[in-house]
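Undergrad: any chance you can model this:
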Amino acid sequence: MVNVGEPRIRPAQADDAFIVAALTLQFARDVGAKAESGFLDRCADAWLRNRRLQPAWIAEFAGQHAGLVRATEMPFPWPGDRADNRLWVDVLYVGPAFRKIGLGEAMLRVAIEHGRQIGARQVRLRAEPSARALYQKVGFEDPGTLMEMALV
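TA: Residues are numbered from 1 along each chain as shown. Here you go, the predicted structure:
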């Protein structure tokens with residue numbers, strides 16, 4: 001574990017597209033995805049095209065890119081709600097050398113605060129079993145209703 005200095009979490013900018021892509025790939029590999037030729041270019045390009053509705057924050061610690069939190073704003077109205085926005089946390093990744101120092105919680109709180117700033121009525125995420133305690137600590141509840149279907 002690295003313990004030099006304080007972590008910094010900053011909004012990702014356009015010139016960070018390949019950092020966002022590289023940290024996304026590290027997250028994907030961490031949860032079992034296979035390597036894919038051309039992924040970094042494809043991911044960086046997709047994030048650049050969509051970054052207005054897909055904000056990301058990069059965690060830096062000890063001079064390294066330590067983690068990434070990326071979300072998708074879903075600005076669609078719902079009857080009876082004054083706030084039309086929802087925020088879906090797509091990626092919450094902390095590199096192995098930076099785990100167990102509170103970085104995941106800090107990054108998640110940055111995304112939640114962003115949700116508040118955009119008037120989101122909910123923040124949602126898909127909870128990996130190993131991270132459920134973290135999500136509950138921050139205030140997430142498990143409604144047990146998230147389902148998905150693979151189309152490929």
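
Undergrad: what residues sit buried inside stretch 79-98?
TA: Within stretch 79-98, the residues scored as buried using 16 or more other CB atoms under 10 Å are 85-95, 98. Heads up, the C-betas are built off the backbone N, CA and C, glycines and all.

Undergrad: and stretch 13-20, by the same measure?
TA: Buried positions in stretch 13-20, judged by neighbour count with 16+ other CB under 10 Å: 16-17, 19-20.

Undergrad: got a list of contacts for it?
TA: 12, 40, 43-45, 47-48, 51, 56, 58, 65, 68, 70 (CB atoms under 8 Å, 6 or more residues apart in numbering).

Undergrad: and those, which are buried?
TA: 12, 40, 43-44, 47-48, 51, 56, 58, 65, 68, 70.

Undergrad: just the ones in strands from the buried residues of stretch 79-98, please.
TA: Judged by DSSP state E, the buried residues of stretch 79-98 include 85-94 as members of strands.

Undergrad: where is pLDDT lowest across the buried ones among the contacts of stretch 13-20?
TA: Lowest pLDDT among the buried ones among the contacts of stretch 13-20: residue 51, with 92.

Undergrad: end to end on stretch 50-65, go ahead and measure it.
TA: End-to-end distance for stretch 50-65: 22 Å, by CA to CA, to the nearest Å.

Undergrad: all helices for this structure, in order.
TA: Secondary structure of the chain by DSSP state H: the helices cover 17-30, 39-50, 103-117, 132-138.

Undergrad: would you turn the ones in strands among the buried residues of stretch 79-98 into CSV with distance to residue 33 and pLDDT?
TA: Formatted as CSV, those follow (distance: CB to CB, whole Å; pLDDT from 0 to 100):
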residue, distance to residue 33, pLDDT
85, 29, 77
86, 25, 84
87, 23, 89
88, 19, 92
89, 18, 94
90, 14, 91
91, 12, 94
92, 16, 95
93, 12, 95
94, 17, 96
